[in-house]
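A.B. asks: take a look and give me a structure for this.
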Amino acid sequence: MRIHQRGNEGIMYITCLDLEGVLVPEIWIAFAEESGIPELKRTTRDEPDYDKLMNWRLGILKEHGLGLKEIQETIAKIDPIPGAKEFLDELRSISQVIILSDTFTQFAAPLMEKLGMPTIFCNSLDVAESGEITGFKIRIENPKYAAVKALQSIGYDTIASGDSYNDLGMIKASKAGFLFKSTEQIKSDNPDIPAYETYDELLCAIRNVIE
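C.D. replies: So this is what the prediction gives:
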């Protein structure tokens, strides 16, 4: 793998990708369909405030007596978006890659196996012995933005791509950033960010930055 790239000695890139909606289907949407609770289809595409969204979700789970086990059973049935693993394999041959996600370690593990075990930075859940999800721990405030700034502070340039409101910070802070499979509203609100719908388009855009 080439680390010194784009023809300039010393430029070292790490590509940072969102997980849900970019590489795998949205976990909460899948669980909403499996559980028959349509309210749980609300995601960070709809609600920019992640703490507000998660506390609302946990309230719905408690109301319906659902816990980690039921969500993990749904996750076991989720496969990567068609073409995602091939895209990730190709991308990892030309760039270091870190997945930056607001999901949780208890959700992500089986999905990482299906994607070839890429590196992921995410959060964790508080789970009672009964299996009830009682809370969640966010590693650091604004974790995706904080991660790209930290990588930059140790000498890396970042390329970032995601689909939701909570990806905009890392996209705008990076050397190059792209929306991928995003909503019309987010694309309209951010016309300066290139937006792509296919893995081939996104890979080409990233390759153009690196090479």
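A.B. asks: OK, contacts around the spatially closest residue to Glu47 that is not a sequence neighbour?
C.D. replies: Nearest non-adjacent residue to Glu47, counting by Cβ to Cβ, 6 or more residues apart in numbering: Leu53, 4.4 Å away. The C-beta positions use only the backbone N, C-alpha and C, and glycine is treated the same way. The neighbours of Leu53, taking Cβ atoms under 8 Å, 6 or more residues apart in numbering as the test, are 42-44, 47.
A.B. asks: what strand or helix carries Leu53?
C.D. replies: Following DSSP states H and E, one finds Leu53 within helix 50-64.
A.B. asks: mind saving the C-alpha coords of that helix as PDB?
C.D. replies: The C-alpha atoms that make up helix 50-64 are tabulated as PDB, following Å, rounded to 0.1, in the frame of the first residue of the first chain:
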ATOM      1  CA  TYR A  50     -27.700  12.500  18.300                       C
ATOM      2  CA  ASP A  51     -28.200  12.600  22.100                       C
ATOM      3  CA  LYS A  52     -31.800  13.600  21.600                       C
ATOM      4  CA  LEU A  53     -32.300  10.900  19.000                       C
ATOM      5  CA  MET A  54     -30.700   8.100  21.200                       C
ATOM      6  CA  ASN A  55     -32.600   9.100  24.400                       C
ATOM      7  CA  TRP A  56     -35.800   9.000  22.400                       C
ATOM      8  CA  ARG A  57     -35.000   5.600  21.000                       C
ATOM      9  CA  LEU A  58     -34.200   4.200  24.400                       C
ATOM     10  CA  GLY A  59     -37.500   5.500  25.700                       C
ATOM     11  CA  ILE A  60     -39.300   3.600  22.900                       C
ATOM     12  CA  LEU A  61     -37.400   0.400  23.600                       C
ATOM     13  CA  LYS A  62     -38.300   0.600  27.300                       C
ATOM     14  CA  GLU A  63     -41.900   1.200  26.500                       C
ATOM     15  CA  HIS A  64     -42.000  -1.900  24.300                       C
END
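A.B. asks: so how far is that helix from its chain's centroid?
C.D. replies: Helix 50-64 has its C-alpha centroid displaced from the chain centroid by 19 Å (Cα atoms, centre = their mean, to the nearest Å).
A.B. asks: buried residues, that helix. List them.
C.D. replies: 50, 53-54, 57-58, 61 (16 or more other Cβ atoms under 10 Å).
A.B. asks: stretch 113-125 now?
C.D. replies: The neighbour-count check on stretch 113-125 (16+ other Cβ under 10 Å) flags 115, 118, 120-123, 125 as buried.
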